[in-house]
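In: with the input below, show me the fold.
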Amino acid sequence: MNELIKIGNTQKAHGIKGELKLNVAEHFIDDLFETEAVFIEIKGQKVPYFVEDIQEGNIIFIKLEGVDNRNEAELLMQKDLYMRREDISISDELINSGGMFFKYLEGYTIVDDVEGEIALIDEVALFPQQEIAYIYYQNRTILIPLNEDLILNVDNSAKKVLMSLPDGILGL
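Out: Take a look at the predicted model:
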């Protein structure tokens, strides 16, 4: 059988026609829209489903062939979601990092473009919509979103990340 890669999970049933809300790691979204089939883990077995329709707004909704009403969709809620490795375009290195682009930044120092040096990144975790850096700043743990809009530059030799942090984030 083909290697299967976990890309996220199913959430809740949506509507009455068998649609499901999905939680998918951002790195797999483009490939999800191109694939013909996904696999859902049910009682330890990865069951294939052909994709009938998929829609994205703030939330991704999927309609699977053979899942035609809300009751059938509810049986697939809160299940792990997989795709075939051959249908995924990102590198093995990224997949092996749990689909995280910024995992390598653990141990780097965040430098804000206004405030200057802030703190060391203790851990990078994958949240439903993005990766988050955990830092210890002024005697408390703060969560900093990691995305291309906020990261201005990464200096690998100095192990520093220049960022434009949102106003007030260090006070949360």
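In: least confident secondary structure element in the chain?
Out: Ranked by mean pLDDT, DSSP states H and E, the weakest helix or strand in the chain is helix 92-96, scoring a mean of 65.
In: show me what the next helix or strand after it is in contact with.
Out: Next in sequence after helix 92-96, counting helices and strands by DSSP states H and E, comes strand 109-112. Residues from elsewhere that reach strand 109-112 (C-beta atoms under 8 Å, 6 or more residues apart in numbering): 117-121, 133, 135, 144, 159-165. All C-beta atoms are positioned from the backbone trio N, CA, C, and that covers glycine.
In: please list only the buried members of those residues.
Out: Buried residues within the contacts of strand 109-112, counting neighbours by 16 or more other C-beta atoms under 10 Å: I118, A119, L120, I121, A133, I135, I144, K160, V161, M163, L165.
In: gap between the residue most central in space within the chain and I142?
Out: Geometric centre of the chain, nearest residue: A25, 2.3 Å, by C-alpha atoms, centre = their mean. As defined by C-beta to C-beta, to the nearest Å, A25 lies at a distance of 23 Å from I142.
In: can you tell me what sits against stretch 51-64?
Out: If you take C-beta under 8 Å, 6+ apart as the criterion, stretch 51-64 is touched by 14, 17-22, 24, 29, 32-33, 35-38, 49-50, 65, 76.
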